[in-house]
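**Student:** Structure here, sequence nowhere to be found:
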């Protein structure tokens, strides 16, 4: 019972935004993970790129803020991973890799 009381009153416990921010922020990587089966034509390249930058910036924030928020760091690292995967799916669907190969073949 003492462990629960300590967690409840800690600077990153459920009484703070250091706890609830990451809890609700998990909706972003979960949504991106669930979208991995959808057709890549439905992916917004602009929004996915923004989400990649957002997660990268806030990973640093989660590391630097005091008290250090590892829960938020893991959440943003997970989001960065799935957003980069989605971005790669979008790029392949747009034909970026084929255009690049074609350009390389033409220059040789």
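**Tutor:** Nice, I can see it. The structure displayed is predicted, hence computed values, not measured ones. Numbering: from 1, shown residues only.
**Student:** From here on, just use CA atoms for contacts and neighbour counts.
**Tutor:** OK.
**Student:** So what touches the longest helix along the chain?
**Tutor:** Longest among the helix segments of the chain by residue count, using DSSP state H, is helix 70-94. The contact list for helix 70-94 (C-alpha atoms under 8 Å, 6 or more residues apart in numbering) reads 18-19, 21-22, 25-26, 28-29, 32-33, 36, 40-41, 43-45, 48-49, 51-52, 55-56, 58-60, 62-63, 97-98.
**Student:** before we move on, what about stretch 15-29?
**Tutor:** Taking C-alpha under 8 Å, 6+ apart as the rule, stretch 15-29 contacts 8-9, 11-14, 69, 71-72, 75-76, 78-80, 82-83.
**Student:** if you look at the contacts of helix 70-94, which of them are in strands?
**Tutor:** Among the contacts of helix 70-94, no residue falls in strands (DSSP state E).
**Student:** If any of the residues you listed are buried, put those into a PyMOL selection.
**Tutor:** The PyMOL selection below is limited to those of the contacts of helix 70-94 classed as buried (16 or more other C-alpha atoms under 10 Å):
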select buried, resi 18+19+22+26+28+29+32+33+40+43+45+48+51+52+55+56+58+59+62+63
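**Student:** before we move on, the earlier item: just the buried members of the contacts of stretch 15-29?
**Tutor:** For the contacts of stretch 15-29, buried by 16+ other C-alpha under 10 Å: 11-13, 69, 71-72, 75-76, 78-80, 82-83.
**Student:** avg pLDDT for stretch 17-37?
**Tutor:** Averaging pLDDT along stretch 17-37 gives 93.
**Student:** Same question for stretch 73-81.
**Tutor:** Stretch 73-81 comes out at a mean pLDDT of 97.
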